[in-house]
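**Q** Got a sequence here, can you build the structure:
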Amino acid sequence: MADLKAFAEQLVSLTVKEVNELATILKDEYGIEPAAAAPMMMAGGGGAAADAPEEKTAFDVILKAAGGQKLAVVKLVKDLTGLGLKEAKELVDGAPKAVKEGVSKDEADGLKKQLEEAGAEVEVK
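**A** Numbers count the residues shown, from 1 in each chain. Below you'll find the model as predicted:
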């Protein structure tokens, strides 16, 4: 059997573009729709844990506006997300949009700082 820990590490390190390609392969070649499974997993499991407020551990970095240095922001978004130039430009043009979702507080703050230095208006949720 394959080393599952190494496989898990490969999955975690995929870029957004690679995840999209993987989803397409799973759908086209195997008939599996990964996006359909995610809402079901998130909807289940409420129970007693839903009663107690939990400390937030995952944050979203939202690009609110590109600012005056749009080209610099597009290049930085491209580098930070692993998207192609066209996709990064579309993300910046479509602001407000999430640059990264479900990241740690430290990573979210670092991304926010980098984007603000490039001239963007950013929010962490």
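**Q** Output the below-cut-off pLDDT ranges for this protein.
**A** Using pLDDT under 70 as the threshold, the predicted model of the chain has low-confidence ranges 1-2, 34-55.
**Q** any idea where the strands of it begin and end?
**A** Assigned by DSSP state E, the chain shows strands spanning 59-65, 97-103, 121-124.
**Q** Buried deepest among those, which one?
**A** Per-stretch averages of neighbours, counted by mean count of other CB atoms under 10 Å, single out strand 59-65 among the strands of the chain, with a mean of 18. Using the backbone N, CA and C atoms, a C-beta is placed for each residue, glycine as well.
**Q** sorry, back to before: now the strands of the chain as CSV including distance to residue 79?
**A** Below are the strands of the chain laid out as CSV (distance: least, CB to CB, whole Å):
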stretch, distance to residue 79
strand 59-65, 14
strand 97-103, 11
strand 121-124, 15
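**Q** how about those, which one is nearest residue 8?
**A** Smallest distance to residue 8 across the strands of the chain (CB to CB): 16.2 Å, for strand 97-103.
**Q** for the closest one, packing partners?
**A** Contact analysis of strand 97-103 by 3 or more CB pairs under 8 Å, 6 or more residues apart in numbering; DSSP states H and E lists strand 59-65, helix 70-81, helix 105-117 as its packing neighbours.
**Q** for the strands of the chain, which one sits closest to residue 12?
**A** Within the strands of the chain, the stretch nearest residue 12 is strand 97-103; the backing value is 11.5 Å (CB to CB).
**Q** Can you tell me the strand partners of that closest one and which way each runs?
**A** With DSSP bridges as the criterion, the sheet partners recorded for strand 97-103 are strand 59-65 (antiparallel).
**Q** Just want the angle from the partner strand to helix 105-117.
**A** Here strand 59-65 runs at an angle of 10 degrees relative to helix 105-117 (axes from the mean of the first three to the mean of the last three CA atoms, to 10 degrees).
**Q** Run through who's touching strand 59-65.
**A** Contacts of strand 59-65 from elsewhere in the structure, counted by CB atoms under 8 Å, 6 or more residues apart in numbering, are 73, 77, 91-92, 95-105, 107-108, 111-112, 115, 120-125.
**Q** If we use 10 Å, what do you get?
**A** Contacts of strand 59-65 with the rest of the structure, by CB atoms under 10 Å, 6 or more residues apart in numbering, involve 73, 77, 80-81, 91-92, 94-112, 114-115, 119-125.
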